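Enquirer: Sharing a sequence plus its predicted fold:
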Amino acid sequence: MIKPEEALKIILDEVRLQPVEKVNLMDSLGYVLAEDVVSDMNIPPFDNSAMDGFAIIASDTVGASKESPCKLKVLGDLKAGDVSDFQVTSGSALKIMTGAPVPQGADSVVKKEDTSLNNEEVLIYCEAKKGDNVRLTGEDVTEGEKVFPCGLDIRPQEIGLLASLGKSELKIFKPPTIAIISTGDELVEINEPLAPGKIRNSNTYSLTAQVISCGAKPVPLEVARDNMDATRKLIEKGLNISDILLTTGGVSMGDYDVVKDVLTGLGAELKFWKVAQKPGMPLAFWRLGDKLIFGLPGNPVSTVVCFEEYVRPAILKMMGKNHIFRPEVDAIFEHDLKKKPGRAFFVRVNVRRKNGEFYVSLTGPQGSGILKSMSLANGIAVIPAETTLVKTGDKVKVHLINLPEDH
Ligand code: AMP
Ligand code: MG
């Protein structure tokens, strides 16, 4: 048996960055940029008005106030999207809307609220300074500037700027395809009636959801029955269509646990089997050519926790993400918990924050088949292998699946 941190290291050392793929702008959201984005233009592309008001020459307004406004002749008006050949000269102004190009000669814009318009004349009630309410060419982005570096996470904030730059297509690290195979003679599909001795296949659904949450592409396959032939056929199918294959169940000591034998028969290289942890001890990991294979234990919580702790970081690393781990915080444990030494415990907890400190409580029974306490958890507390007792008030490390609320 190896330690969880050794297992994680072995996995991450096997991970290769995904190939680059060109996608439409909106399909890049949530992925990692695989090119430097250099601007071939200025943003804004022209000096334009930041306000609805009047484009003027600032020096015309020296001494202007509410009591003694300055009076300027209005040459016409200009809306956003139009261009003008108006020339603003001393004593004149052009009515202008937000976003319209500042006309020749003008050096500032006075907002409408500081003016009043009488036919062809406008009264200006304040002194303007050169540059007031003018958005200068290139003040956001200059031509030739490297706006985004390769490796950046593309969030909604980036999308708008990429759109302004005219990047209708861009390169990302291709999201990996993850084939998912549950194994077990006892499994029935979720729309089928339960016969005696049978349970519903939940792992395929948990894993599909977890893969989607990572931004990767799940391909859930049929359930493999507990025999070599059926399992081999599905595993071969899964390997053909995926970058990573996930199996659940069939990797323990049971008479019908055939996943390991099938993969050995296919020539996969076993990197490890069994990790000193609870839940998820029988976790296995192989490489076959350029494919990675995770043999996740069948118990529903073992599957979810092993995905969280091992598969998710691997997928995110393949996608070029910089932050591949959940945020880890130190939290105050609110129970006494005894355990045997030798295996790390991944404990399902509720994390809350009070006066700047994190507190954690168990979400319920911790059996590896009990999904309800997984569902109630927003974190996984990691109790080290050698620890035999955690007391109320002790600090523990917690991986935050969701950010806790303040209570
Ligand atoms: P195994 O590792 O195949 O011995 O499975 C361990 C436990 O997990 C057994 O109780 C199985 O019935 C259960 N199990 C295995 N696969 C699934 C699945 N896809 N959905 C729900 N439970 C499962
Ligand atoms: Mg089984």
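Expert: Nice, I can see it. Every value quoted in this text rests on a predicted model; they were computed, and no experiment measured them. Ligands and ions are numbered 1, 2, ... in the order given.
Enquirer: from what I can see G138 touches D47, true?
Expert: No: using C-beta atoms under 8 Å, G138 is not in contact with D47, being 9.6 Å away. Just so you know, the C-beta spots here come from the backbone N, C-alpha and C atoms, and that holds for glycine as well.
Enquirer: Quick check: the closest residue to ligand 1 within the stretch 51-200 of the chain vs ligand 2, distance?
Expert: At 3.4 Å from ligand 1, S182 is the closest residue in the stretch 51-200 of the chain, using C-beta to the nearest ligand atom. S182 sits 9 Å away from ligand 2, going by C-beta to the ion, to the nearest Å.
Enquirer: now for the helix or strand where that residue lies, which elements pack on it?
Expert: Assessed by DSSP states H and E, S182 sits inside strand 177-182. Helices and strands touching strand 177-182, as assessed by 3 or more C-beta pairs under 8 Å, 6 or more residues apart in numbering; DSSP states H and E, comprise helix 203-214, strand 217-220, helix 228-241, strand 244-248.
Enquirer: average pLDDT across it?
Expert: Over the span of strand 177-182, the pLDDT mean works out to 98.
Enquirer: What strands flank that strand, and is each parallel or antiparallel?
Expert: Within its sheet, strand 177-182 is paired with strand 217-220 (parallel), strand 244-248 (parallel), according to DSSP bridges.
Enquirer: Pull the contacting residues for the residue of the stretch 301-407 of the chain found nearest ligand 1.
Expert: Checking the stretch 301-407 of the chain residue by residue against ligand 1 with C-beta to the nearest ligand atom singles out G369 as nearest, at 6.1 Å. Taking C-beta atoms under 8 Å, 6 or more residues apart in numbering as the criterion, G369 is in contact with N299, P300, V301.
Enquirer: Just the residues you listed: which are in strands?
Expert: Residues from those lying in strands, with DSSP state E as the criterion: none.
Enquirer: quick revisit: who wins for proximity to ligand 1 among the strands paired with strand 177-182?
Expert: With distances scored as C-beta to the nearest ligand atom, the stretch of the strands paired with strand 177-182 nearest to ligand 1 is strand 244-248 (5.1 Å).
Enquirer: For that closest one, what does the pLDDT average out to?
Expert: According to the model, strand 244-248 has a mean pLDDT of 98.
Enquirer: Same check on stretch 45-58?
Expert: On average, the pLDDT along stretch 45-58 is 98.
Enquirer: how about it: buried residues?
Expert: By 16 or more other C-beta atoms under 10 Å, the buried positions in stretch 45-58 come out as D47, N48, S49, M51, D52, G53, F54, A55, I56, I57, A58.
Enquirer: Can I get the residues you listed in CSV including secondary structure?
Expert: CSV is the format used below for the buried residues of stretch 45-58 (DSSP: H, G, I helix; E, B strand; the rest coil):
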residue, secondary structure
D47, coil
N48, strand
S49, strand
M51, coil
D52, coil
G53, strand
F54, strand
A55, strand
I56, strand
I57, coil
A58, helix
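Enquirer: Tell me which residues touch the residue in the stretch 251-400 of the chain that ligand 1 sits nearest to, please.
Expert: Shortest the stretch 251-400 of the chain-to-ligand 1 distance, computed as C-beta to the nearest ligand atom: residue-wise this is G298, at 2.5 Å. By C-beta under 8 Å, 6+ apart, G298 lies in contact with S182, T183, G184, N203, T248, G249, G250, V251, S252.
Enquirer: From D336, how far off is it?
Expert: For G298, the distance to D336 (C-beta to C-beta, to the nearest Å) stands at 31 Å.
Enquirer: show me the contacts for the nearest residue to Q104 once chain neighbours are set aside.
Expert: Counting by C-beta to C-beta, 6 or more residues apart in numbering, Q104 lies nearest to Q87, which is 4.8 Å off, once chain neighbours are set aside. By C-beta under 8 Å, 6+ apart, the residues touching Q87 are P103, Q104, G105.
Enquirer: Show the buried residues in these.
Expert: Among the contacts of Q87, the ones that count as buried by 16+ other C-beta under 10 Å are P103, G105.
Enquirer: If you count neighbours, what's buried in stretch 100-116?
Expert: 100-103, 105-112, 114-115.
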